[in-house]
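Student: Sequence isn't available, so here's the structure alone:
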């Protein structure tokens, strides 16, 4: 399907118009298969049909303004696992393996990725790549809290639930703080760079498709 959409985009636009009109209707209804969404986006950006392109831009712009994750939904499904593996281990600018370990390889600046495919959904994996500060992994995010008794705490977030957050502060035992005691919270930005700077949407799609296969934990 991906190859078909890409091929159609290269044909005479009048002969492929009806096909893209049908795909656009699917997109407007939220029924377009996510595995071909990226190819469809790329094809629509090259269309010369003003009316068709205006319809597409209107839907896409509204979606992008509402949610960064939604604007990258085309990178959720349909990636090439082997290309994603190569990006993870060999990409010279993304340098995933420099900060993240897999089995006995890689760095420890970020969480080990064994089992990440079982712990996180595709959406969470994608979000971690394009908006890394949105959700910090336990043990890697610094949080500063101001409590209702004017006390201030700062430490590494070890665990978080809807009701509480647990901080590691130096050599002290982990500190559990109930969220109803918190007046102000500041999360330090993730040290992980935003992968939108280094990877194309297709490369991000390939990387997500690889990461989701990492289901076995490493003992």
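Tutor: Nice, thanks for sending it over. All values reported here derive from a predicted model rather than from experimental measurement.
Student: rest of the way, CA atoms for contacts and neighbours
Tutor: Fine.
Student: Which residue ranges of this structure form strands?
Tutor: Secondary structure of the chain by DSSP state E: the strands cover 141-147, 152-160, 164-168, 175-178, 182-187.
Student: Would you format those as TSV with mean pLDDT, mean neighbour count and distance to residue 33 included?
Tutor: Formatted as TSV, the strands of the chain follow (pLDDT from 0 to 100; neighbours: other Cα atoms under 10 Å; distance: least, Cα to Cα, whole Å):
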stretch	mean pLDDT	mean neighbour count	distance to residue 33
strand 141-147	91	19	35
strand 152-160	91	17	34
strand 164-168	93	19	38
strand 175-178	94	15	42
strand 182-187	92	14	36
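Student: Would you convert these into a markdown table that also reports distance to residue 95?
Tutor: Converted to a markdown table, these look like this (distance: least, Cα to Cα, whole Å):
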| stretch | distance to residue 95 |
| --- | --- |
| strand 141-147 | 20 |
| strand 152-160 | 24 |
| strand 164-168 | 28 |
| strand 175-178 | 34 |
| strand 182-187 | 24 |
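Student: lowest-confidence helix or strand of this structure?
Tutor: The weakest-scoring helix or strand in the chain, judged by mean pLDDT, DSSP states H and E, is helix 50-66 (a mean of 71).
Student: Distance-wise, check the spatially most central residue of the chain relative to residue 70.
Tutor: A centroid search over the chain (Cα atoms, centre = their mean) returns residue 126, at 1.8 Å, as the residue closest to the centre. As judged by Cα to Cα, to the nearest Å, residue 126 and residue 70 stand 10 Å apart.
Student: Quick check: neighbours shared by those two?
Tutor: Counting by Cα atoms under 8 Å, 6 or more residues apart in numbering, residue 126 and residue 70 have no shared contacts at all.
Student: Show me where the chain has its helices.
Tutor: 2-10, 13-29, 37-45, 50-66, 68-71, 81-90, 96-99, 116-119, 122-130, 201-211 (DSSP state H).
Student: Cool, thanks, signing off.
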